Each structure stands twice: as C-alpha cells, then as structure tokens.
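J.: Any chance you can model this:
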Amino acid sequence: MNRHLCYALLLIFTACTTAEVDNGASWDPVALVDPFIGTGAHGHTYPGATVPFGMVQLSPDNGTSGWDWCSGYHYSDSILIGFSHTHLSGTGIGDLGDVRLMPASIEVDLIKPYKNRNDLDYAARYTHEDETASPGYYQVRMTDSDINVELTATNRVGMHRYTFPADAARTVILDLAFAFNWDRTMQSRITRVSDTLIAGYRYSKGWAADQRVYFAIAFSEAFRPISVIGDMLESPKGAYDFIGGNLRASVSFPTYQNASELMVKTAISSASVEGAIAGLGEVPHWDFEQVKEQAAAEWRKELNKVRVADTDTALLRTFYTALYHTNMAPVTYSDAKGSYKAADSSVVDADYTRYDIFSLWDTFRAAHPLMTILQPDRVNDMIRSLLAHYEEYGYLPVWSLLGNETNTMTGYHAIPVIVDAYFKGYRDYDIALAYEAMIVSAMQDIRGVQFFKKYGYIPSELEVESVTKNLEYAYDDWCIAQMAKDLGNTEDYEYFMERAASYRKLFDQETGFMRGKLVNGNWREPFDPKHSAHRVGTDYTEGNAWQHSWFVPHDVQGLISLHGGQQPFVAKLDQLFSEDSEITGENISSDISGLIGQYAHGNEPSHHIAYLYNYAGQPWKTQSTVRQILLTQYNDQPEGLCGNEDCGQMSAWYVFSALGFYPVNPAEGIYVIGSPLFDEASLQVSGDQAFTVIAENNSFENQYIQSATLDEVALNRSYLTHDEIMKGGVLKLQMGATPNERWAVTSAGFPPSMSKE
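T.: Predicted coordinates for the structure are as follows:
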C-alpha cells in the first residue's frame, strides 16, 4: 500500500476515535500515563515503580535472555521470576536486574540446579488482565500462587506489598544468582542483621564490568531462620553471614488461616551496606498507600510542567507517557550518605546529587536540551556528575553505567551536553575543569581520534564506523570551539573549528552521500547507500549512508552548499523519505526501524533530519513530515515506540515535536519550528512563568503554518531561541490544510547555521 495512503487512513481512523477530556482543575496527568507503552516491540522499557530520576527502579523480570528483554520485561511474555530493584529504560544492551525478590506459596528447593527460568520452582505465570501500572506503582496477581504483588518506590527505596491467600505458605526468595542477557554474578553476600532485616551485596560483571549493589531489606514481620545456598559458601562472621558466588536465600514467615499481607522495604547503595541501611530512612513507616501517593505526587509535579489541551485521549496518553519516559534517566547514583562507587572503583563522597546512566549518544540530541527547560534544579548536578566521571576515569563519559565506562557507541557527546548547559546559563560547576575535560577527551588516542588527528579525517580501513565517528567528532569539536571562543582561547577555537569542518572531506559529490574514504584518498568500494552491517566492517553505526549523511547540525548551510544549493538538497531530502525501505546486507542492524523510505526514526541519527527543510526555505515540508512521524511512529499501545526508547531520547523527540519545535543543533540554544500536534500547550519555564504554543484552526488535516506571532508580534522565521522560551510568552500559529509557501522561506527566516562562529 502507498505510504501516503496509509497515513491518510491513519488520520481518518484517529479522527473518528477522539474522546473529550476534562482539562480543568480536576484533570490529572498521572492518570494519562501508561507505563506499558514501549514494553512491546523494540521499545525496551519497563513497567515498574520508580520516581523521577530515582535510584530504584522496582520492576518485574521475566527471566528471558534476548534483545527485546533488555529492560528485564517484555509485553509478549507471561512468566515472572521476581521483582528486582535496578532496570534500564529502553537501552539496546541488557544489564542490571539487581536484588531480586519473589514471593512464593510453596517450599522452594534452592539446591535444585537450573539452566534457565523453567528450572526455577518459583517462576510464576501471569496475564495482562491481572496486571496494572501507573507512575510510581505496579501490581500483578500471579496465576499459579494467587499471590497479589504491589510495588511502589521512593528515590532510594523499593516497597513491596504481597497479599497471600488463606492457608498458603509464605516464603520470599532473595535471588542474587539468576542473571540474563549480559549480566552475571561475581560475588554476593547475605547477612542477617536482625529478625526483620537482612543486608548484603551483589557484585556483577556484564555490560557494566564492575557493578556493585549493596542492599538492606526490611520485612514487616519477623522471619524464621533463613536458608542460603551458593557457590563456595563461606560464613566469615558465623551462621548468619554468607558469602558466595551465586547466593540465593529462602526467607519464611508464619502461615495464617486468612488472607494476609507481608510488606518489604529494600534500599540500595553502590558504596556500602551502611549507605543502603541509611536509605531505609526514606520510609520510616509501613504505610504502603502513603508511599504510593507520594510517588504519584512527585510524578504529578513533573508532568504538570507541561499542560496540553486536546480531545483525543490516545494522543494525550502517548504524550504524557513520553514525558514520563524523559524523567527516568539519568538516575540518582549517590546514596543516602552521599557516597557512590566511582569509575575508578573507589568510594567517593559527594556534596551534590551524583547522577549516572548517561546514554549520551542518544540523549544529547533532545533529552538533555529538554532538561534545560524543565529540570533547571538538576542540570548543574548532572554536569558535575559528568565532570566527576572525568576526574575518576580520565575522560568524559561516552556511555556510563553505574560507575562504569562502557565505551558504547560513538562520539564524545558529554561535550554538547556541557556546552549547551554553559550557554544557557548553567554554570554552577568548575568551568575550567569542564573546559579541560572537553579538550582532553577530544585529544585522546583511542576510538579513532588518533586517526582523526593524523589524517584530518578517519580512514575507512583503519577504523570501523569511520564515517559516523568522523561526523560526530566534527560536531563535538564545533561545540568545543564555541566554548573556547567564549573563554577567549583563540588558538583552540581555530583548531577545533578546522576539525569541525572535516565533514566536508567525506562528502561524495557524485553520489550525494557521506562515504568511507581510504588513507590514499580514494572512496571505499563497493558502495551501496542502503547497505547495513552491524558494528563489523562498516562505515556507519547502526545504519547506512542514507541515514548518516545528514549529521552536520552545526553547519547545515555548509551541507546544503555541498549538495549544490537548496533545490538539490531538498530533492535529496525528498528522496530519503520516498525511497523504498529495503535495507541490504547480510548483517543488517536490528536498530534500523521506524522506516519511512530510508528515514529510520527508530534510531537516533535520523531524529533531526525532518527539520532540515527549514534551512532550505521549504518549512512546509518539515511540517508535514514531522506530523507524519508523530502519527505513524508513536501510539498508546505497548508497541507504541518504533525503536529503543534509549533513556528518554525517543520520547524527548516526541515531546518537543508535539509541542511544535525541536533542537536540531542541541548545543546552540535554537529550536526549529515544526507542526504542533495540540491546539494549545503550555510549558512551566520558571515559577509561575509559562511559554504557551497556541495552534489556531489546528487539526489532523490543518498541519501547515499559515502565519505566526510571538507575543503578538509577527514572526517570519522558522525558529525560536532558548531565551525566548525561558522568559515566557505566547507563540501563536495559524494553521491550514495547504502549505503556505511564503512563510519563513527567505534566508532571513532560516534557523542559524554556524551562528556562534
């Protein structure tokens, strides 16, 4: 079927399924969030309980190894093995799942060997009819045991409420051994502290090479003597202290004739058991409902920072779940005592909130720019966290995972995050240290940078993914140059601006693509712009030439010039979205998803591309293309994300684009205007100050901007500045069903390119 026809049918279907929503004082955005969105297909999100940027992510685990179980849970599954306290949101690699608890109503044979989850006596079936979730809360009734499980959380504590049926044995399994995907236990410890408290740790190796989680688990009732098994079991402090390679414990409680509740509180730390025990102080009581309501209130505060008006409940669920997902990472990493395990494996005491889980290849694009608007109280501490990693490890993080540098993905994208914050006025950190960290990270002799410095580009035969790395380093170097200029470092400015222009060396005028170039200056052959090879023998990261040839966000006008001007550039963009969606090769990256032509919205390198029409004088094509992506690549079902959520980036694109603008160059403080999805949207930018976008005569058909005003003054440019948004005001757009080919079509109305040169 023709893709344009599919799009039209979607619009007709959606328009016929709208429902009125009360946007008055009683309206609650928490009720519009569905944590199951993204748990199906390749979204890789988890449905469990957490608070905004919380240390604890208490969520169910299926116990299945596989790419679509990177978060520990997938909507297609029907087996549970427990509820652990750390999870990744939407990543493409699986890890964590630490400190897993599972209630059982049978006597569990811990000695029984296992190879997979089917060998676990306590694995339990469930159905989605018996499962619910909302921000800060998760519930499931397990079919086999008829135990009802409820979960909620504070920042550092996960709280469980188990309701056992009458006359059932009451057992809780603590499993520090069973692991799936990349993770495995290296050493573990379980210690009985009192008749209601156990503590210990789990050291593991996986994507995070040296992960350490200390825990303190408090029960609402006294337990009987616990049973512990494991590899090479030792008891250095007597019968109540166990150290081993793969510890599992069975904790038993009295049986009651009537249905009964048992509650559990678990706090964690990466530094010490003492830090975990101190964390229990966040919940000094056993009032589950109070904790649940507190978690909902924290989410309500965050979600209320953006108010949108619409009558379509599906769109509202999609939007507020996306906003919810942008508040899940990075996570709080310093414990209740301010301590954390550093990247050099030392224990550090911080006088600020240390954050970690920085998926920077993804989140530098839109998730972090969104935080500069909606999370002003957190941005400085996030920059401090990046700089702490530099002091501990020697370089800024590439992809940091709970005190570990994974070196996953390309670029050194902590740099645009720092530069973006710096130019937006976030400077409560050591600026000299930040500048030093950026220079050192950009001058490293690993990850292809050594070739970049030697040849002025990265030769294809010397470094895998050479084109992607070269383009991303060029952008990051432009960011360094802007800060160098602002700090008066002329020599550094000129050097990094020269490196920022290196993208030109990879552009092939004949094909119109960025291509792999050999040491001798010849193009790598053969060349197929649709070819994908995942991480091996390729010039592109998780994609192909069609998807990666547009990444020059710092110099879009320079890229347009390479194409021969606006018309050839627009024609190539048009071809990107209309080309057939065949991907060639024998090792195609599974990350290529959400295809519209060769545009792949399911992976981050494509995210800015639809907005490039604005730079070439045809903003109406941005408007229609962005609307198409909004309405075809997201929905309110478990399969509602067309690719990995990636710690908030996939959702940040949706939040920005639904509001009507997007940061093409995420370190420039410029937002390129698209086509707002809602009739009205208001962002709380500071105190009572709000920035409001009003789209008059807006509808699915009326997707084109006819005219615009900013604070009642005619706006004839297709971008906004960060300062304009943060001072509050009203952007009013008149919408229509046909393109206005006279609005923002001259160079004076184009978004800046090389604006800080």
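J.: my guess is residue 298 contacts residue 52, does it?
T.: Yes. Residue 298 is in contact with residue 52 according to CB atoms under 8 Å; the separation is 5.8 Å. Quick note: C-beta positions are derived from backbone N, CA and C, even for glycine.
J.: In this structure, spot the helix with the most residues.
T.: Ordering each helix of the chain by length in residues (DSSP state H) puts helix 466-486 first.
J.: where's the helix or strand just after that one relative to the chain centroid, distance-wise?
T.: Next along the chain after helix 466-486, taking DSSP states H and E as the criterion, comes helix 490-500. In terms of CA atoms, centre = their mean, to the nearest Å, the gap separating the centre of helix 490-500 from the centre of its chain is 31 Å.
J.: what does stretch 559-578 give?
T.: 31 Å.
J.: Give me the contacts around that stretch.
T.: 503-504, 507, 509, 512, 546, 550, 552, 596-599, 609, 612-613, 615-618, 621, 625 (CB atoms under 8 Å, 6 or more residues apart in numbering).
J.: one more time with 6 Å, if that's ok
T.: For stretch 559-578, contacts defined as CB atoms under 6 Å, 6 or more residues apart in numbering pick out 507, 512, 552, 596, 597, 598, 599, 616, 617, 618.
J.: what do you get for stretch 355-370?
T.: 326, 329-331, 333, 382, 385, 397, 400, 402, 409, 413-414, 416-417, 604, 607, 646-649, 652-653, 656, 663, 666.
J.: got the end-to-end distance for that stretch?
T.: By CA to CA, to the nearest Å, the extent of stretch 355-370 from end to end equals 17 Å.
J.: how about the helix or strand containing residue 201 as PDB, C-alpha atoms only?
T.: Taking DSSP H and E as the definition, residue 201 sits inside strand 197-205. Output of strand 197-205 as PDB, limited to C-alpha atoms (Å, rounded to 0.1, in the frame of the first residue of the first chain):
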ATOM      1  CA  LEU A 197      16.400  -7.100  58.500                       C
ATOM      2  CA  ILE A 198      18.900  -8.700  56.100                       C
ATOM      3  CA  ALA A 199      21.600  -6.900  54.200                       C
ATOM      4  CA  GLY A 200      24.400  -7.700  51.800                       C
ATOM      5  CA  TYR A 201      25.700  -7.000  48.300                       C
ATOM      6  CA  ARG A 202      25.900  -8.300  44.700                       C
ATOM      7  CA  TYR A 203      29.000  -7.700  42.600                       C
ATOM      8  CA  SER A 204      28.400  -8.400  39.000                       C
ATOM      9  CA  LYS A 205      30.000  -8.300  35.600                       C
END
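J.: Within the sheet, what are the partner strands of that strand, with directions?
T.: Partner strands for strand 197-205, per DSSP bridges, with pairing direction: strand 184-194 (antiparallel), strand 211-219 (antiparallel).
J.: can you name the farthest residue from the center of this protein?
T.: residue 257 (46.1 Å; CA atoms, centre = their mean).
J.: which residues in the stretch 151-300 of the chain form helices?
T.: 273-279, 288-303 (DSSP state H, counting those that start in this stretch).
J.: Would you mind finding the most buried of these?
T.: helix 273-279 (a mean of 21; mean count of other CB atoms under 10 Å).
J.: Report the mean per-residue pLDDT for it.
T.: Mean pLDDT, helix 273-279: 98.
J.: Find the nearest non-adjacent residue to residue 211, please.
T.: Spatial nearest neighbour of residue 211, excluding adjacent residues (CB to CB, 6 or more residues apart in numbering): residue 204 at 4.9 Å.
J.: what do you get for residue 366?
T.: With CB to CB, 6+ apart, the residue lying closest to residue 366 is residue 652, at 3.9 Å.
J.: Which strands or helices does whatever helix or strand that neighbour lives in pack on?
T.: Per DSSP H and E: residue 652 is located in helix 649-659. With contacts taken as 3 or more CB pairs under 6 Å, 6 or more residues apart in numbering; DSSP states H and E, helix 649-659 sits against helix 313-325, helix 367-374.
J.: Other residues contacting the very next helix or strand once past the first one?
T.: Okay, so that is helix 313-325. As assigned by DSSP H and E, the chain's next helix or strand after helix 313-325 is strand 331-332. Strand 331-332 is contacted from outside by 53, 55, 155, 357, using CB under 6 Å, 6+ apart.
J.: strand partners of strand 331-332, parallel vs antiparallel please.
T.: As assigned by DSSP bridges, strand 331-332 forms pairs with strand 355-356 (antiparallel).
J.: Tell me how far the partner strand lies from the chain's centre.
T.: That offset, for strand 355-356, works out to 13 Å (CA atoms, centre = their mean).
J.: quick one: average confidence on it?
T.: Average pLDDT, strand 355-356: 98.
J.: and after it, which helix or strand comes next?
T.: strand 358-359.
J.: before we move on, the earlier item: please work out how many residues are found near the residue nearest to residue 366.
T.: 28 (other CB atoms under 10 Å).
J.: can you check residue 519 too?
T.: Residue 519: 13 neighbours (other CB under 10 Å).
J.: For it, which non-adjacent residue is closest in space?
T.: Closest to residue 519 by CB to CB, 6+ apart is residue 459, at 4.4 Å.
J.: OK, contacts around the one you found?
T.: 451, 518, 519.
J.: Please tell me how far it sits from residue 532.
T.: According to CB to CB, to the nearest Å, residue 459 stands 21 Å off from residue 532.
J.: what do you get for residue 37?
T.: 27 Å.
J.: Give me the three-state assignment for the most centrally placed residue in the chain.
T.: Nearest to the geometric centre of the chain sits residue 647, at 1.1 Å (CA atoms, centre = their mean). Under DSSP: H, G, I helix; E, B strand; the rest coil, residue 647 falls in the helix class.
J.: That one contacts residue 330, correct?
T.: No. The criterion here is CB atoms under 6 Å, and residue 647 misses it with residue 330 at 7.5 Å.
J.: Please, which helix or strand holds residue 683?
T.: strand 680-686.
J.: Provide a list of residues in contact with residue 743.
T.: residue 705.
J.: any idea how far residue 620 is from it?
T.: Following CB to CB, the distance that separates residue 743 from residue 620 is 8 Å.
J.: list the residues that contact both of these two?
T.: With CB under 6 Å, 6+ apart as the test, residue 743 and residue 620 reach no residue in common.
J.: Give me the packing partners of the very next helix or strand once past the helix holding residue 652, helices and strands only.
T.: Moving toward the C-terminus from helix 649-659, the next helix or strand (DSSP H and E) is strand 661-662. Helices and strands touching strand 661-662, by 3+ CB pairs under 6 Å, 6+ apart, are strand 670-673.
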